[in-house]
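J.: following is a predicted model, sequence given first.
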Amino acid sequence: MAEGILLIISGPSGVGKGTVCRRLIEIRKALKLSVSTTTRPPRPGEEEGREYNFTTTSRFKEMIEAGSFLEWAVVHDHYYGTRREAVRGLLASGQDLILEIDIQGAEQVRNKTPEAVSVFLAPPSMEALEERIIGRGTEEPDRISRRLETARREMKAYSHYDYLVVNDTVEKAANLIDSIIDAEKCKVGRGARPPGAGGESK
C-alpha cells in the first residue's frame, strides 16, 4: 500500500485556511484533516476533537518535553501543535492527510518531512485580508492590529512552498488544491506506475 500524501495548507492569519480545507474535504471525501492541539479557548461553534483538541498550557508544555509533536508554535500567545504519532500512523495506512497550520509550524514540518506537499494560501489583497479579520468579530482592536502586522510578515514566506493558491473564492481555491493532489498522485517518484508494471524499468 502506498503511503498517504501529507498536504500542508498554510498562510497568513485570517486568509481562510479552515474554510478552504472544509470545502476541500467535501470535494475529496477520502481526505482527512489532522486535528491540532491548542491552548487557545474554543471559538463559537468549535467542538473538541473536530476543529482542535483543546488543552491547558501546562499540559501542552509536558507534551513538548515528551517529544510528542511533529511541530508546534506559539501564535498570538497561544500554543498550537501537531501530534507526531497520529500523523505517522494515518500516513502509513495510506490515508491522505491535511495539515492546516501556521507559517512557523509549516516550516518545521517541511524540514522534518521533505516528502510533504506544501501549499501557501494567499489573500487576493491585504485589504481583503483585513476585511476578513475584522469581519470575524471575535477579536479586540489591538489583537486585530497584531494579526495584521504578523500577516504582512508571513506573506513573505510564500517562496518556500511548493504551490501558491490565491483564495479569491473558496470554491476556486479548493478546486485548485484538489488538482494539486491529483498531480502529486501521478508522480512517478511517489510510486505511480502504468497498469501491469511489475517494477522499475531497466
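T.: Yep, it's here. Numbering: from 1, shown residues only.
J.: now the helix or strand bottoming out on mean pLDDT in the chain: how far from the chain's centre is it?
T.: Lowest by mean pLDDT, DSSP states H and E among the helices and strands of the chain is helix 126-136, with a mean of 82. Relative to its chain's centre, helix 126-136 lies at 20 Å (Cα atoms, centre = their mean, to the nearest Å).
J.: one more: stretch 5-21?
T.: The chain centre lies 5 Å from the centre of stretch 5-21; the measure is Cα atoms, centre = their mean.
J.: span of that stretch from start to end?
T.: End-to-end distance of stretch 5-21 (Cα to Cα, to the nearest Å): 15 Å.
J.: tell me the phi and psi of R40?
T.: Phi and psi for R40, reported as degrees, to the nearest 10, are phi -80, psi 150.
J.: gap between it and A157?
T.: The gap separating R40 from A157 is 22 Å, by Cβ to Cβ, to the nearest Å. No exception for glycine: its C-beta is placed from N, CA and C like everyone else's.
J.: show me where the protein has helices.
T.: 17-27, 57-65, 84-92, 103-112, 126-136, 141-154, 170-185 (DSSP state H).
J.: what bits of this protein have low per-residue confidence?
T.: 1, 136-139, 198-202 (pLDDT under 70).
J.: specify the beta-bridge partners of the most centrally placed residue in it.
T.: Computing the C-alpha centroid of the chain and ranking residues by Cα atoms, centre = their mean puts E100 first, at 1.9 Å. Note on E100: beta-bridge partners by DSSP bridges are I9.
J.: check contacts around it.
T.: E100 makes contacts with I9, S10, K17, G18, C21, L33, S34, S36, as judged by Cβ atoms under 8 Å, 6 or more residues apart in numbering.
J.: 6 Å instead, please
T.: For E100, the contact set (Cβ atoms under 6 Å, 6 or more residues apart in numbering) comprises I9, K17, C21.
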